[in-house]
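Enquirer: got a structure for you, letters missing:
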């Protein structure tokens, strides 16, 4: 529960904090919510990533810290609070918890597909996509396309060069578009 408290402490949104308290305020509730998140991921083409994310740390079936943070990020996104989701991600990094491919995919797709006028979301989506590649993880083509389209949406003429640059860096890493 210490990790859950850390993951939710930077949430400033009153309604979101209430939702956390009601839905994942104790370990049993967290487990139930984690099962819902696992099911949603598995039914949304992230089955392999979900299995990796929710693999227990030991025989005691305790959720890994990365899974707890990712569940909280997911909850923020479901509550349409992308900024809070990104803050939870930053908290995760600050507390020394390394994201896995599932965390990256959820965050990248959310940041890139966000219709907000916050151009930093696109910058972060691109940054996390490239981090994922640098760590040897293979992002799905949906993440690549989300980032590519987000860059192109910003300022089509000016950002076209940046989108081409992004494409060439993606191909240089040895990844094939599928």
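Expert: That came through fine. No experiment lies behind these values; they were computed from the predicted model shown.

Enquirer: please count neighbours and contacts with C-alpha atoms only from this point.
Expert: Will do.

Enquirer: how much space separates residue 31 from residue 88?
Expert: According to Cα to Cα, to the nearest Å, residue 31 and residue 88 sit 19 Å apart.

Enquirer: any idea which element the residue positioned nearest the centre of the chain lies in?
Expert: Nearest to the geometric centre of the chain sits residue 107, at 2.5 Å (Cα atoms, centre = their mean). In the assignment (DSSP states H and E), residue 107 maps to helix 101-113.

Enquirer: flag every buried residue along that helix.
Expert: Buried residues in helix 101-113, counted by 16 or more other Cα atoms under 10 Å: 101-113.

Enquirer: residue 4: which of these is nearest?
Expert: Distances from residue 4 to those, taken as Cα to Cα, are shortest for residue 103 (15.6 Å).

Enquirer: pLDDT score assigned to that closest one?
Expert: Reading off the confidence values, residue 103 has pLDDT 94.

Enquirer: next one: residue 56
Expert: 67.

Enquirer: residues near residue 98, how many?
Expert: As a burial measure, residue 98 scores 13 neighbours (other Cα atoms under 10 Å).

Enquirer: alright, calling it a day.
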